[in-house]
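[1] Give me a model of this one.
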Amino acid sequence: MVSNAIKLSAVLLYSSLTLGCQSSLLQNVLTDPGTPIVALEPQVEIISTSATNATMSDVAAINETLDASVMEIPTINAVGYAVVSSQPGRSENQKRLMAIRSARMAAMRELAEQIHGLKVEGNTTVIDLMVQNDTFRGVVTGTIRGARTVRINPTGSDTYEVVLEIDNEMISGLIKSARKFS
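    Reported below is the predicted structural model:
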């Protein structure tokens, strides 16, 4: 059975060859009006109607994704939480401020995960065909610019929530400035 990726590659190759033939044929007709037009009928095996429709919709989706004029930049949101009672501080107000700061940093980390990705490292130790130790960790590294605090809310009696966002204008500006330097 032929995989969908191979089918998609074949359709894209066939489309590009067909378009190339049509454009060169059109160019010959435009430059030399006496050129005879020969109709070519490609030999294509249609497996099933639903498979063909799915393939054509896949091609349309790929074309839409690759079309630069269709590029829509979303607003990115992130939420961070922190518990007041677990924060260091001499007074309750100090702990509250530290919880807000911690929740903001947790939201920044979530923004970095969305923008830069999360590197996952794992390690498993097996002795005598039995798992002895299985560990993993996630590492986020990145720079966040232009994050705006949307809201800071107490959620319950001992927790704070901070919501941050980077709007689409800021992301668009960052993408444009990155394209200038690359």
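[2] need the helices for this structure, in chain order.
    In the chain, the helices defined using DSSP state H lie at 4-31, 49-66, 92-116, 168-181.
[3] Break this structure into its domains for me.
    Listed by automatic domain parsing, the domain ranges of the chain are 4-70, 76-181.
[4] Which of those comes out lowest on mean pLDDT?
    Lowest mean pLDDT of the domains of the chain: domain 4-70, a mean of 51.
[5] For V120, give me its contacts.
    F136, R137, G138, V139 (Cβ atoms under 8 Å, 6 or more residues apart in numbering). C-beta coordinates here come from the backbone N, C-alpha and C atoms, glycine included.
[6] For the residues you listed, which single residue is the most surrounded?
    Neighbour counts for those (other Cβ atoms under 10 Å) peak at G138, which has 11 neighbours.
[7] List the residues that contact that one.
    L118, K119, V120, E121 are the contacts of G138 under Cβ under 8 Å, 6+ apart.
[8] Write down the beta-bridge partners of it, one by one.
    In this entry, G138 is beta-bridged to V120, by DSSP bridges.
[9] I115 and G142 touch, don't they?
    Yes - using Cβ atoms under 8 Å, I115 is in contact with G142, at 6.0 Å.
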